[in-house]
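Novice: no sequence for this one, just the structure:
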């Protein structure tokens with residue numbers, strides 16, 4: 001169990017957010033479910049100020065992240081900012097718990113539940129019965145209006161049985177969350193069969209970390225093995241000799257997007273070829289939304305505003321993809337200087353309607369829900385969005401080939417370079 005917990009990337013763990021008013025018992029509930037004193041508990045309202053992330057392994061869910069949030073009824077200038085941060089947690093929430101301790105003035109709770117439903121986020125209502133009120137699930141359901149009693153659990157004495165009931169209900173919600181289940185298969189598992197051979201092409205250049213692979217490469221490698229397929233890992237300059245030594249050709253080749261131009265000449269056309277970033281564009285995001293963004297590239301003009309959002313916060317280098325290469329390629333396409341705004345890690349602008357184009361990385365460091373939220377923000381603001389890998393493949397003139405493995409999913413007609 002320990003090795004599973006330690007090796008599961010943060011972005012791959014279901015994010016379970018705990019919402020409620022101040023002093024509703026949110027932190028107490030997290031401590032109860034994890035059977036540890038992870039969250040600070042106090043009788044003083046507003047003890048939790050910023051969202052707090054707790055990584056745990058909890059059976060039967062497995063490795064998860066609990067998010068302890070500030071009260072949705074916080075007040076004052078600072079309070080409203082804390083509420084704003086709480087509401088932004090919804091962007092990355094896979095499953096939610098709404099903690100209530102009375103049935104008075106449920107407007108805050110109803111508003112948050114409507115936000116969860118708008119984002120198709122499964123949730124439970126936990127009635128924290130600290131006052132030992134004689135209430136049934138039907139009465140609690142009636143207080144919320146048209147609401148299913150099956151989504152309500154009454155916690156009266158914080159017993160082991162109640163803990164098991166809540167965790168089983170969360171596991172059931174996770175099973176019903178089609179996004180979680182589909183994403184688990186979509187990285188590469190649905191593209192290969194057992195005993196297929198996959199060729200992973202990994203450049204070892206100045207940007208490669210010492211003694212390890214980067215996360216997208218590691219996750220792709222593991223998913224290949226999980227699907228009982230075979231994998232051969234080579235550098236670009238070893239492709240020819242590797243193919244000569246094989247008895248059968250690979251079913252699929254995957255390369256770093258920046259090596260597309262070199263690799264596409266070395267991998268024969270009869271072998272499907274794509275990039276790690278494009279795999280993650282499909283896995284975490286929406287391939288068709290990114291392909292739609294291709295049609296905007298030739299409309300770029302000098303002076304336009306470009307948002308570049310990268311999910312990791314690595315040290316920038318002189319050949320950095322997000323701050324150097326992508327801007328250079330886009331300005332070459334536009335025929336002049338563009339205005340770039342860069343966001344890294346969890347940071348993302350609250351309003352993006354001022355931008356003419358949004359460029360996203362593969363998103364390996366954030367969960368699928370967060371990537372989906374960013375794409376939805378762009379769509380609502382009518383801002384075209386494109387992914388690093390899609391952009392690079394288009395710029396190098398091999399996008400048709402790079403999306404060939406997913407051709408039956410493509411619904412967009414895009415302009416060729």
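Specialist: It's in. This one's a predicted model, so the numbers in the text were calculated from it and none came from an experiment.
Novice: and residue 254, that one's in a strand?
Specialist: Yes - under DSSP: H, G, I helix; E, B strand; the rest coil, residue 254 sits within a strand.
Novice: for it, which non-adjacent residue is closest in space?
Specialist: residue 200 (5.4 Å; C-beta to C-beta, 6 or more residues apart in numbering). C-beta here means a position set from N, CA and C on the backbone, and glycine is covered the same way.
Novice: surely the one you found touches residue 220?
Specialist: Yes - counting by C-beta atoms under 8 Å, residue 200 does reach residue 220; the two are 6.7 Å apart.
Novice: please enumerate the shared neighbours of the two.
Specialist: residue 254 (C-beta atoms under 8 Å, 6 or more residues apart in numbering).
Novice: what about residue 233, which helix or strand?
Specialist: Using DSSP states H and E, residue 233 sits in strand 230-234.
Novice: now the strands for the chain?
Specialist: Assigned by DSSP state E, the strands in the chain fall at 15-20, 52-58, 62-68, 95-100, 123-128, 152-155, 197-201, 230-234, 252-255, 273-275, 305-310, 339-344, 357-360, 385-387.
Novice: can you lay out the ones you listed as TSV showing mean pLDDT and mean neighbour count?
Specialist: Below are the strands of the chain laid out as TSV (pLDDT from 0 to 100; neighbours: other C-beta atoms under 10 Å):
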stretch	mean pLDDT	mean neighbour count
strand 15-20	96	26
strand 52-58	89	17
strand 62-68	93	21
strand 95-100	96	25
strand 123-128	93	22
strand 152-155	90	19
strand 197-201	98	23
strand 230-234	98	16
strand 252-255	98	26
strand 273-275	98	26
strand 305-310	97	21
strand 339-344	96	16
strand 357-360	98	26
strand 385-387	97	28
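Novice: between the ones you listed, which gets nearest to residue 210?
Specialist: strand 230-234 (16.7 Å; C-beta to C-beta).
Novice: what helices or strands is the closest one leaning on?
Specialist: strand 197-201, helix 215-226 (3 or more C-beta pairs under 8 Å, 6 or more residues apart in numbering; DSSP states H and E).
Novice: and the shortest one, what does it pack onto?
Specialist: Which is strand 197-201. helix 215-226, strand 230-234, helix 239-244, strand 252-255.
Novice: residue 357 is nearest to which of the ones you listed?
Specialist: Once these are compared by C-beta to C-beta, helix 215-226 is nearest, at 23.1 Å.
Novice: average pLDDT for that closest one, rounded please.
Specialist: Per-residue pLDDT values over helix 215-226 give a mean of 94.
Novice: so what touches it?
Specialist: By C-beta under 8 Å, 6+ apart, the surrounding residues in contact with helix 215-226 are 9, 12, 187-189, 192, 198, 200, 202, 212-213, 230-231, 233, 254, 276-277, 279-280, 362, 364-365.
Novice: how far off centre is that helix?
Specialist: Its chain's average C-alpha position is 17 Å from that of helix 215-226, according to C-alpha atoms, centre = their mean, to the nearest Å.
Novice: so what does residue 13 look like in phi/psi?
Specialist: phi -90, psi 140 (degrees, to the nearest 10).
Novice: which ones are touching it?
Specialist: Contacts of residue 13 (C-beta under 8 Å, 6+ apart): 55, 63-65, 367.
Novice: got it, and residue 98?
Specialist: For residue 98, the contacting residues are 19-20, 109, 112-113, 123-126, by C-beta under 8 Å, 6+ apart.
Novice: buried set for the longest helix seen in the chain?
Specialist: Across the chain, the longest stretch assigned as helix under DSSP state H is helix 160-176. For helix 160-176, a neighbour-count test (16 or more other C-beta atoms under 10 Å) marks 162-163, 166-167, 169-171, 173-174 as buried.
Novice: right, and residue 58 touches residue 65 too?
Specialist: No - look at residue 58 against residue 65 with C-beta under 8 Å: they stay out of range, at 10.4 Å.
Novice: now for these two: what residues contact both?
Specialist: Shared contacts of residue 58 and residue 65, counting by C-beta under 8 Å, 6+ apart, come down to nothing at all.
Novice: any stretches of the stretch 201-350 of the chain with poor pLDDT?
Specialist: 206-207, 314-318 (pLDDT under 70).
Novice: angles on the backbone of the residue located most distally from the centre of the chain, please.
Specialist: Distance from the C-alpha centroid of the chain, by C-alpha atoms, centre = their mean, peaks at residue 134 (41.1 Å). When read as degrees, to the nearest 10, the backbone of residue 134 gives phi -90, psi 80.
Novice: and residue 354, what does it touch?
Specialist: Applying C-beta under 8 Å, 6+ apart, the residues near residue 354 are residue 305.
Novice: quick one: residue 405 from residue 155, how far?
Specialist: According to C-beta to C-beta, to the nearest Å, residue 405 stands 48 Å off from residue 155.
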